[in-house]
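> Task: produce atomic coordinates for the following.
(chains A, B, C and D)
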Protein chains: 2
Amino acid sequence: MTIQYAILGLLSWKSFSGYELKKLFSNSSLFYWSGNNNQIYVTLLNLNKEKLVTQEIQQQENLPAKKIYSITKKGLTELKKWTLANPELPEIRNAFLIQLAGAHFLSHEELLDLISRYEEELYLALLMEREKAKRDTDHPNRTKRETFLWSMINKNFESFYENEIKWLTLVKKGLPHE
Amino acid sequence: MTIQYAILGLLSWKSFSGYELKKLFSNSSLFYWSGNNNQIYVTLLNLNKEKLVTQEIQQQENLPAKKIYSITKKGLTELKKWTLANPELPEIRNAFLIQLAGAHFLSHEELLDLISRYEEELYLALLMEREKAKRDTDHPNRTKRETFLWSMINKNFESFYENEIKWLTLVKKGLPHE
DNA sequence: GTAGTCATGTAAGACGTTACATGATTCT
DNA sequence: AGAATCATGTAACGTCTTACATGACTAC
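Residues are numbered from 1 along each chain as shown, chains lettered A, B, ... in the order given. Model (predicted):
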C-alpha cells in the first residue's frame, strides 16, 4: 500500500481535507489511484488511528463541515523513511500490446485501424498532460528544487506519451503488408 | 479483467497447460500478472465453464498429469471481438515519482543517492529486457508480420526504460544545488 | 537430505473501483 | 426541475498477490 505515503507526502506540504485530497487524486496521473472515496477516506481514518496525522473539524456556513488533516512528527518520520527507501521499478500495464500480440487473425486494414485508434488516444493523453502542466499550481514551489522536480515529474508523463507515439510510428513504418 | 483475454490470446497460438501458462506469465513483462497460481488456474476453470476453452487430460510417466487447454470457436470469436475493441491507455504506476514529489525534506546528497539507485534499477531492467528479447522464442512467428510485431513488443519495453534513463539524466543535470 | 521442477488446486488477505447513502446549496 | 458541487462515509465487488496444501521425481 503506497497510497498512505502518497497522502502523507501531500500532507507534508500542507493540510488537506479528504475531499480536497480526493480531487487532487482524480486530476493527477502521478497519484494514479482513481480518486475514489473508499481508499482515501478509509486511509485517512487509519492514518489518524496510527497517529501519523491529526484531524481538525472545521465548521463552515452553508456548507457541510470539513475534516482537515495534518501530518504529525511521527507521520513525517514514517514518510522520510519511505522516501529514502529503495525505489521500485514502475509498473506498466499496456493492454494494447496484448491486443497486438494476438493480432495474427486481424486483416491488414483492421490492424492499421487498431493502431490509429491507439495513436489518437495517445495524442489526446499527451495534450491533456501538457494542459495540466500549464494550469498546475497544486504543488509546493517554495524552493527552486521543488519547482524543478515538479516540472520534471510532469515531463516524465509527457515524455512517456511522446516515446510511445514515436514507437508507434516505427510500428506503422515497418509493418509487413501481408 | 483482461487476464482472460491474455490467456485466450496465448491459446489462440497453441494449446497450453496451466503450468506452462504460469511460466510464460512469470517471465513476461507483457503479461504483467505475477504468474500466480490462483488467477491462472481459476481463470482457466472459468473459461472452461463458459466453453471458451476445452480441457484435455494428458497422462505422463513419472510426472503428474497435465490439463491441456485449447481454445474453442466461441473462444476465438470472443477474443477477436476484444482484439478489435478500442485500446485503452497504458497504466503507469511509478512510485519513484511519488518519492521525488515528496523529496523536499531530503538533502542534496540523499536525493542524488535516491536518483542513482533508481538509475541502477532501470539499467538492470533494460539489460534483462534485452536478454529476454534474444532468448525469446515463445511467440508465434509463422508470418513476417507476427515476427515483426513480437519484436516491436519487446522494443516497446526496451524503449520505455531507455526513455526513463534519458529523463533521469535530465533530472540530474538540471537539479538545483540547494 | 534439501532444494528445485512438475503439476494442480484452495484460502486469506491486500488493493482498487463502482455504487450506494445522505443532505444542503448553487448553478443552468 | 435537474444537475453539479461540497462533504463524509459504507457496502459490495473485482482484481491481484502471497501463502498453504499435496505429492512424486530429479539433481546436488
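> Contacts only, for the closest residue to DNA strand C within chain A.
Among all residues of chain A, A:Asn36 sits closest to DNA strand C, at 2.7 Å; criterion: CB to the nearest atom of the strand. In this view, the C-beta of every residue, glycine as well, is placed from N, C-alpha and C. Contacts were defined as CB atoms under 8 Å, 6 or more residues apart in numbering or on different chains; by that measure A:Asn36 touches A:Lys22.
> could you measure it against B:Leu106, distance?
To B:Leu106, A:Asn36 is 30 Å away according to CB to CB, to the nearest Å.
> Contacts only, for the closest residue to A:Leu30 other than its chain neighbours.
Beyond its immediate neighbours in the sequence, the residue positioned closest to A:Leu30 (CB to CB, 6 or more residues apart in numbering or on different chains) is B:Leu97, lying 5.5 Å away. For B:Leu97, the contacting residues are A:30, A:153, A:156, by CB under 8 Å, 6+ apart.
> just to confirm, which helix or strand has the last one in it?
In this assignment (DSSP states H and E), A:Asn156 forms part of helix A:144-174.
> Hmm, A:Leu170 is touching B:Phe148, no?
No: with contact taken as CB atoms under 8 Å, A:Leu170 and B:Phe148 are classed as non-touching, separated by 10.4 Å.
> Report the rounded mean pLDDT for the helix holding A:Asn156.
This predicted structure assigns helix A:144-174 an average pLDDT of 97.
> tell me which parts of chain A are close to DNA strand C?
Taking CB under 7 Å from any atom of the strand as the contact definition, chain A meets DNA strand C at A:1-3, A:32-34, A:36-39, A:62-64.
> Now do the helices in chain A.
Taking DSSP state H, the helices of chain A run over residues A:3-11, A:18-26, A:37-49, A:73-84, A:95-101, A:108-135, A:144-174.
> anything in the first one sitting right up against chain B?
Yes: against chain B, helix A:3-11 shows contacts by CB under 8 Å from any CB of the partner chain at A:5-6, A:8-9.
> and stretch A:163-175, which residues are buried?
By neighbour count, and taking 16 or more other CB atoms under 10 Å in any protein chain shown as the criterion, the buried residues in stretch A:163-175 are A:163-164, A:167-168, A:171, A:175.
> just the CA coordinates of it, formatted as PDB?
Output of stretch A:163-175 as PDB, limited to C-alpha atoms (Å, rounded to 0.1, in the frame of the first residue of the first chain):
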ATOM      1  CA  ASN A 163       8.000   8.000 -26.700                       C
ATOM      2  CA  GLU A 164       5.000   5.700 -27.200                       C
ATOM      3  CA  ILE A 165       4.000   7.800 -30.200                       C
ATOM      4  CA  LYS A 166       7.500   7.500 -31.700                       C
ATOM      5  CA  TRP A 167       7.400   3.800 -31.200                       C
ATOM      6  CA  LEU A 168       4.000   3.500 -32.900                       C
ATOM      7  CA  THR A 169       5.400   5.400 -35.900                       C
ATOM      8  CA  LEU A 170       8.100   2.700 -36.200                       C
ATOM      9  CA  VAL A 171       5.400   0.000 -36.000                       C
ATOM     10  CA  LYS A 172       3.500   1.600 -38.800                       C
ATOM     11  CA  LYS A 173       6.600   2.000 -41.000                       C
ATOM     12  CA  GLY A 174       7.800  -1.500 -40.500                       C
ATOM     13  CA  LEU A 175       4.500  -3.400 -40.600                       C
END
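> neighbouring contacts of it?
With CB under 8 Å, 6+ apart as the test, stretch A:163-175 has contacts from A:108, A:111-112, A:115, A:118-119, A:122-123, A:126, B:90, B:145, B:148-149, B:152, B:155-156, B:159-160, B:163.
> which intervals of chain A have sub-threshold pLDDT?
Residues of chain A meeting the criterion pLDDT under 70: A:1, A:178.
> In it, which residue sits nearest DNA strand D?
Distance from DNA strand D to each residue of chain A (CB to the nearest atom of the strand) is smallest for A:Tyr19, at 2.9 Å.
> Hmm, that residue is touching A:Ile68, no?
No: here A:Tyr19 does not reach A:Ile68: they are 10.3 Å apart, not a contact under CB under 8 Å.
> A:Gln58 - how many residues pack around it?
Neighbour count of A:Gln58, defined by other CB atoms under 10 Å in any protein chain shown: 10.
> Beta-bridge partners for it, please?
Assessed by DSSP bridges, A:Gln58 has beta-bridge partners A:Lys66.
> surely it meets A:Ala65?
Yes: distance between A:Gln58 and A:Ala65: 6.5 Å, which falls inside the contact criterion (CB under 8 Å).
> Tell me the residues that contact both of those two, please.
In the contact map built from CB under 8 Å, 6+ apart, no residue is linked to both A:Gln58 and A:Ala65.
> Tell me the residues of chain A that contact DNA strand D?
For chain A, the residues in contact with DNA strand D under the definition CB under 7 Å from any atom of the strand are A:17-20, A:22-23, A:37-38, A:41-42, A:44-45, A:60, A:63-67, A:93.
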